[in-house]
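*Asks:* Quick one: sequence and predicted model below, then my questions.
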Amino acid sequence: MKNGAGKKRFLNKKGQTAVEYIITAAGLFTAIISFYVLYSYMVPEQFEEGAKVILMEYDASR
C-alpha cells in the first residue's frame, strides 16, 4: 500500500509540472506577442519622425 501511494503522489507532481510548463509557455508567448505588437507600431512611427528631422535639416542647410 505504501508503494502505491508514493507512485500516485509522483504522478500528481508530474501533472502539476506539465500544467506549470503550459502556463509558463502561455505567459511567455503572450509577452512576446505583446512586445511584437508594441514595437511594430513604435518603430515605423520613429522612422517617420527621424525622416522628418533629416529632411528639415537638409532643407535648412540649403
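*Replies:* The structure has been received and is ready for your questions.
*Asks:* burial measure for residue 30, as a count.
*Replies:* 10 (other Cβ atoms under 10 Å). For glycine as for every other residue, the C-beta is placed from the backbone atoms N, C-alpha and C.
*Asks:* secondary structure element for it?
*Replies:* Residue 30 is part of helix 2-60, with elements assigned from DSSP states H and E.
*Asks:* and that helix, what's its mean pLDDT?
*Replies:* Averaging pLDDT along helix 2-60 gives 85.
*Asks:* chain center to it: distance?
*Replies:* Distance of helix 2-60 from the chain centroid (Cα atoms, centre = their mean, to the nearest Å) equals 1 Å.
*Asks:* Report all helices and strands that it contacts.
*Replies:* Here helix 2-60 touches no other helix or strand, going by 3 or more Cβ pairs under 8 Å, 6 or more residues apart in numbering; DSSP states H and E.
*Asks:* Numbering from 42 from now on, please.
*Replies:* That works, and once the first residue is 42, the last one we named lands at helix 43-101.
*Asks:* Relative to residue 85, how far out is the residue nearest the centre of the chain?
*Replies:* Nearest to the geometric centre of the chain sits residue 73, at 1.8 Å (Cα atoms, centre = their mean). Distance, residue 73 to residue 85, by Cβ to Cβ, to the nearest Å: 19 Å.
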